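**Student:** Sequence first, predicted model second:
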Amino acid sequence: MPRFFAEITQFPVAVIKGRDIVHHITGSLRKRRGEEIAIRVGTKGFGARITSIGSEEILVYIIDEEVLQDRSNTIMHLAMCLFDMKELEDAIRSATELGVSCIYPVISSRSNIRSVTEARYARWQTIILEAVKQCERMTIPSVQRPVSLDAFIHDISHHWDTRLVAHKGAQHSLLKCLGNNVGILIGPEGGFSSEEFQMITNSGYIAVSLGNTNLRATTAAITAVSILGM
C-alpha cells in the first residue's frame, strides 16, 4: 500500500492534497471515510484514519507514528549520460526504489539527448516522489540538472569518497569497490570516446566491470545501484 505525502494542519489532523491523489485513494484503492491509510510528513511515517473526503483533499486523523527506513546506509550517487528518455525515467524510478541518494544526468559527446526541458525535469522529480511513496523509504533522493561531462568530472563528483565508472572489460569488479559514500558513472549507449574515458580515469575514477556481457545503459544503472546498496 502506498504511503501518501501529507501536511499536518494542527496535530493530530493532517491533509492529503491533490485531485489526482484523491482520485487514486478513493478510486483505485477504494478508501472511504473511517478507513485507515498510511501517510508521511517529511521523513516521518504515520498511520492515520480518513475523516473527510473532498474533491481536492482528504483530511485524516493521525493514529500513531510508523518508523520509516532506508534500504541501505550507503550514500549512493548515480550519474548517467543522457539516453532514451523513457528508459532514463525507468532507471530513475528503479534507482530510487533501490536506495540511491542523488541522481546526476550528464551530457557526453555520444549522448543521444543534448538538453532537457523544465517540464521533463519536473517529471523526473515527480517520478522520484511516486517511487518514494510506493517503496516507503525514509529519505527522498535528489535529481540534479544535466551538466556536461567535463563539468561533472571536475566540479561536481570530487566529493565522492569512491568514484567509479562502469566499463566492460575492466579489471576491477564492482563487488570489490563498495564504500559508504560511493558513486558510479554510467556511459551513453555508444560508450565514452577514448578521450573522455582517459579524462575520467585520469581524474581518479576507478573503472569497474558489471559482468562479462554488454548491458544497456538502463540495465547497467539499475545493476550498479543494486550492488552498491548491498
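**Tutor:** Here it is on my side, so go on. Numbering: from 1, shown residues only.
**Student:** and Phe197, how far is that from Pro146?
**Tutor:** When distances are taken as Cβ to Cβ, to the nearest Å, Phe197 and Pro146 turn out to be 20 Å apart. For glycine as for every other residue, the C-beta is placed from the backbone atoms N, C-alpha and C.
**Student:** Of those two, give the one with the bigger neighbour count.
**Tutor:** When Phe197 and Pro146 are compared on other Cβ atoms under 10 Å, the one with more neighbours turns out to be Pro146, at 21 against 16.
**Student:** For Thr96, see how far away that one is.
**Tutor:** Separation of Pro146 from Thr96 (Cβ to Cβ): 18 Å.
**Student:** which SS class is the spatially most central residue of the chain?
**Tutor:** Nearest to the mean C-alpha position of the chain, by Cα atoms, centre = their mean, lies Thr96 at 2.9 Å. Under the three-state scheme (DSSP: H, G, I helix; E, B strand; the rest coil), the conformation of Thr96 reads as helix.
**Student:** what's the neighbour count on the spatially closest residue to it that is not a sequence neighbour?
**Tutor:** Among residues not flanking Thr96 along the chain, Ala131 sits closest, at 3.9 Å (Cβ to Cβ, 6 or more residues apart in numbering). For Ala131, the neighbour count with other Cβ under 10 Å is 20.
**Student:** on that earlier part again, what residues are up against the residue nearest to the centre of the chain?
**Tutor:** For Thr96, the contact set (Cβ atoms under 8 Å, 6 or more residues apart in numbering) comprises Ile127, Ile128, Ala131, Val132, Cys135, Arg137, Pro141.
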